[in-house]
Every structure is written in structure tokens, then in C-alpha cells.
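Participant: Coordinates for the following, if possible.
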Amino acid sequence: MLTFIGLGLYDERSVTVEGREALRAADRVFAEFYTSRLVGADVADLEAHHGVDVEVRDRAGVEQDPEPILAAAESGDAAFCTAGDTMISTTHTDLRLRAEERGIDTRVIHGVTAQSAASSLTGLQNYRFGKATTLPFPYAHGGDDVPGSVVETIEANRERGLHTVVYLDIKVGTGPAGPDPDHEEYMTADVAAGLLAEEWADELAVVVARAGSPDAVVAADRLSALADREFGDPLHLLVIPGDLHHVEADALVGLAGAPESLVDE
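Facilitator: Residues are numbered from 1 along each chain as shown. Presented below is the predicted three-dimensional model:
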């Protein structure tokens, strides 16, 4: 059996009860933290709290050489864990399909995701979100601006009146000069707002910082204004609202401190 377990957003306690039980019952536990990480816990915290040894795999060790994971699942019960949900945003469907092709049973135990938290914390209605996008570091796409694909996604959603979740780049094990096992970098919301402000300086945006933590921050203002603020430790994301229902507008004012004049525009 190969069980995919979403660990949730914040720390070693954020996993569901079902996920906790499966994690502790597994013969071997694998995890990756290159797509995201828990804000309030490291691997040692996970191991101590759940009484397990966690084998952390890098991208190559999951996508190119998953044999140790599959072999463990063939001979016993293996768990594969990520922050959030293992099948949302950066999915691990390929690993699940490889297991199924080898006759290994699989199951998915879901976790809370940044996508659901973005809707919950901002008050923006979940069914009014369009396609999400990821804003990369400029060096990661070979330019010094916002990639055309990001602009196109936001504009397409805006034309339909839909909100856009903008995930912010994470670089673990790879830096500006290429592979670097010691490199760990997280784009912050002020940097992202500054990049997007080149295209939409006066547009409303919402920062969500450290979703799932006791000190989560939600702040709404013009992109140009958000670019001049600091939002503390990662992880951060941005939401670019589309057309606002009056309840959503009230939520952004009341929950995120949006200027009333901005949500009435």
C-alpha cells in the first residue's frame, strides 16, 4: 500500500486524525518539501511528534527515481507526505500511477490547502475563483519581469470577473546559479506585489501570509501599496480579486483592511 498524506498548512499537528493514524502505522515514511513546507515545523518535529522516521526526497528522488518509494510500498505499507494536499497544485499523480501499474494499492488522505485557506481567510467565495497561477523568481524564467503566462491568466480571469490565486515561487535545492543543495528561498508578498505592480499598480490585491498559523496575516490594498509593506515570515500568496459580491467587498474591508474606496471602484 502507498498512502498519500497531506500534512496541512502549519505544523506537525495540522494533519487530519486519519492522516495521523496512517502516518504512524506506516512501515516507511517518505516526504518532499520542495513544493511547499510546513510553516511551523521541521522534519525533526514531525518525527518526534508522530514517532516515525521521515525519509525526505528531493525532486529527482520523487519524479525521476521513485524506486525506493515504490519498493517500500510493494513490500509493506509506505506513506508519502507533503505539506498541504499531495494532489493539489503540484500533484503527485505520476507517482500514484506508477504504483498502480505495479499492482500496489494506493489511497489519498487529504489535507488543508493554501487554495482553501485563501478563500476562508479573505472571505472571497470559493466558486468565484478562476485558474490559479505561480509567479516565479525572475531568474527562474530567464527574464526580469512577469512571465506572459502569468499576465494572461490574471487577465483572462479578470475578463470573466473571477479571482486569481497567485502562488509565489519556492526554490529549494536550486538557486540562481543552478543546483545548490543548501539553497532555500521563498518569494515574499511584497516582492510579488512589486513585480505585479508593473502591470497593475493601482489594482486591488490581497496578501495571505502564513495561512494556518496562529499569526496568519490577511491584508488588502493596491498592489503598489502592498509592495511597500512587510508581511513577516513565509509562506505567502497573493489573490487578485475579480468582480466583488457585496459580501466579499465587506469581508475585504472588515477582515483584510481594504480601503473602502478601493472595493467600491
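Participant: Would you check how far apart the residue nearest the centre of the chain and T122 are?
Facilitator: Nearest to the centroid of the C-alpha atoms of the chain, with distances taken as C-alpha atoms, centre = their mean, sits A114, at 5.1 Å. The gap separating A114 from T122 is 12 Å, by C-beta to C-beta, to the nearest Å. Yep, even glycine has a C-beta here, placed from its N, CA and C like the rest.
Participant: shared neighbours of those two, which are they?
Facilitator: Shared contacts of A114 and T122 (C-beta atoms under 8 Å, 6 or more residues apart in numbering): V208.
Participant: Tell me the confidence at the residue nearest to the centre of the chain?
Facilitator: Reported pLDDT at A114 in the predicted model: 89.
Participant: which residues touch it?
Facilitator: Contact analysis of A114 by C-beta under 8 Å, 6+ apart lists L9, S36, G84, S89, V165, Y167, V208, A211, L235, L237.
Participant: What are the boundaries of the strands in the stretch 1-150 of the chain?
Facilitator: 2-6, 28-31, 54-56, 78-82, 106-109, 133-135 (DSSP state E, counting those that start in this stretch).
Participant: From the contact counts, what lies against the first one?
Facilitator: Right, strand 2-6. helix 17-25, helix 67-75, strand 78-82, helix 93-101, strand 106-109 (3 or more C-beta pairs under 8 Å, 6 or more residues apart in numbering; DSSP states H and E).
Participant: Quick one: list the elements packing against the last one.
Facilitator: Looking back up the chat, that one is strand 106-109. Helices and strands touching strand 106-109, by 3+ C-beta pairs under 8 Å, 6+ apart, are strand 2-6, helix 17-25, helix 93-101.
Participant: can I get those in JSON lines with mean pLDDT?
Facilitator: Shown next, in JSON lines, are those (pLDDT from 0 to 100):
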{"stretch": "strand 2-6", "mean pLDDT": "97"}
{"stretch": "helix 17-25", "mean pLDDT": "97"}
{"stretch": "helix 93-101", "mean pLDDT": "95"}
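Participant: which of the ones you listed is buried the deepest?
Facilitator: Greatest average neighbour count among those goes to strand 2-6 (a mean of 25), per mean count of other C-beta atoms under 10 Å.
Participant: Just want the angle from that strand to helix 17-25.
Facilitator: Taking axes from the mean of the first three to the mean of the last three C-alpha atoms, to 10 degrees, one finds strand 2-6 and helix 17-25 inclined to each other by 130 degrees.
Participant: Neighbouring strands of strand 2-6 in the sheet, and parallel or not?
Facilitator: Note on strand 2-6: by DSSP bridges, its sheet partners are strand 78-82 (parallel), strand 106-109 (parallel).
Participant: Please convert the ones you listed to CSV, extending it with distance to R96, mean neighbour count and mean pLDDT.
Facilitator: Formatted as CSV, these follow (distance: least, C-beta to C-beta, whole Å; neighbours: other C-beta atoms under 10 Å; pLDDT from 0 to 100):
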stretch, distance to R96, mean neighbour count, mean pLDDT
strand 78-82, 9, 27, 97
strand 106-109, 5, 17, 97
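Participant: so where do the helices sit in this structure?
Facilitator: Secondary structure of the chain, counting by DSSP state H: helices at 17-25, 43-50, 59, 67-75, 93-101, 114-122, 148-159, 189-200, 223-226, 246-256, 260-263.
Participant: Flag every buried residue along the last one.
Facilitator: Counting neighbours by 16 or more other C-beta atoms under 10 Å, one finds that the buried residues in helix 260-263 are L262, V263.
Participant: helices and strands around it, which ones?
Facilitator: Using 3+ C-beta pairs under 8 Å, 6+ apart, helix 260-263 sits against strand 217-222, helix 246-256.
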